[in-house]
Each structure stands twice: as C-alpha cells, then as structure tokens.
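Enquirer: Pasting the sequence and the predicted model now:
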Amino acid sequence: MTDETRLAVAALEDKTVNELRTLYEEVFDEVCRSRHKKYLVRRIAWRLQALDEGGLSNEAKQKARELAATSDLRMTAPREEVLDNVRRATPEEDGYVDWDPRLPPPGSFLERRYKGQMVRVLVLTDGFEYEGKRFRSLSKVAGEITGVSYNGFLFFRLGRRQK
C-alpha cells in the first residue's frame, strides 16, 4: 500500500459522518444509505486499499457474483435477471400461521403460582386447557382463575422485558 493511501485511511477516523458519506459516494459511485461511522470507515478504507492494490481479479469477482446469486442471506434485493433463473418453492402450511410469538409451542405448559397454588395451563394449537376445560384465549383462562377480567399475557408474565 502506498503512503498516500495509508494517510488517507488514517484520516478517515477524523472525518464526520457527513464527510464520510460524501467520500463513500465518490469512492463507490453509489448512494450511501448508512450513517454508521465505523461501518463507513471500514468500507471506505477497504475500497481505498483495493483501488491502490488493484482490487479483485475478474475470476474472483465472477465467483463472488455466483455465490451471491445462490446465497440464502441477502442485504439487497436480487436483480431481475438473477430472479428469472431461481426455482421458487411454495411454503408449506405448518399450523402456526397466526401463532403469537409470545406463546410457547403447543404441548407446552404455562405455570404460575397464584394465591399459594401452582396454576398449570396446557397450550394447544387452537386454544388452552385448564383443569379439563378448553378456552379459546389466555385471557379467559386468567379470568377463570382470578374471577375477574384479566389480560392473559400479563397474568402469565409472557412477552415482558427482562430486567
């Protein structure tokens, strides 16, 4: 790496985010969508070094394009010509289409101590079971236990932040 490139890379840390965004757009010749300073510094430094040392070979660039086209993880949407060559699989119905992520999977038990007694509720795919009775909502179960209207997620302490 030349001394000029070393100085340019070292000077990146002292630039503001707006200056880095402008430099990014000049170096990459594309619109900068990030405002993350560390990311911009790393990307610009990589690009400056690649330009100074010649960058990737054509074979490496082609291999990278092939890998990116078949990759499961994408940062941006694929181009139309890539989409035309991809086989699409239809998703299978698994019974959890509208499943609330706060709930455990069916077959699990929700437990809570209430007034000195342990309360256990079985989670079903279409509701809940408590003491041999089926309920469509967790709030109905909480109401049955407490005798008053009660939010089921709050009663069983589901979906709360960790302290």
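Expert: Right, received. Where do you want to start?
Enquirer: contacting residues around R102?
Expert: Going by Cβ atoms under 8 Å, 6 or more residues apart in numbering, R102 touches F153, L158, G159. C-betas here are computed from N, CA, C, even on glycine.
Enquirer: which residues touch the top helix by length along the chain?
Expert: Looking across the chain with DSSP state H, the single longest helix is helix 37-53. Helix 37-53 has contacts (Cβ under 8 Å, 6+ apart) with 1-2, 5, 8-9, 12-13, 17, 20-21, 23-24, 27-28, 32, 34, 56.
Enquirer: buried subset of these?
Expert: A8, V9, L12, L20, R21, L23, Y24, V27, C32 (16 or more other Cβ atoms under 10 Å).
Enquirer: Buried members of the contacts of R102 into PyMOL, please.
Expert: A single PyMOL command selects the buried members of the contacts of R102 (16+ other Cβ under 10 Å):
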select buried, resi 153+158
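Enquirer: Of all the contacts of R102, the one with the weakest confidence?
Expert: In this model, the minimum pLDDT among the contacts of R102 belongs to G159 (74).
Enquirer: mind checking how far that residue is from D29?
Expert: 46 Å (Cβ to Cβ, to the nearest Å).
Enquirer: cool, K38 as well?
Expert: 22 Å.
Enquirer: Tell me which of the two has more neighbours.
Expert: Remark: of K38 and D29, K38 carries more neighbours, 10 against 7, as counted by other Cβ atoms under 10 Å.
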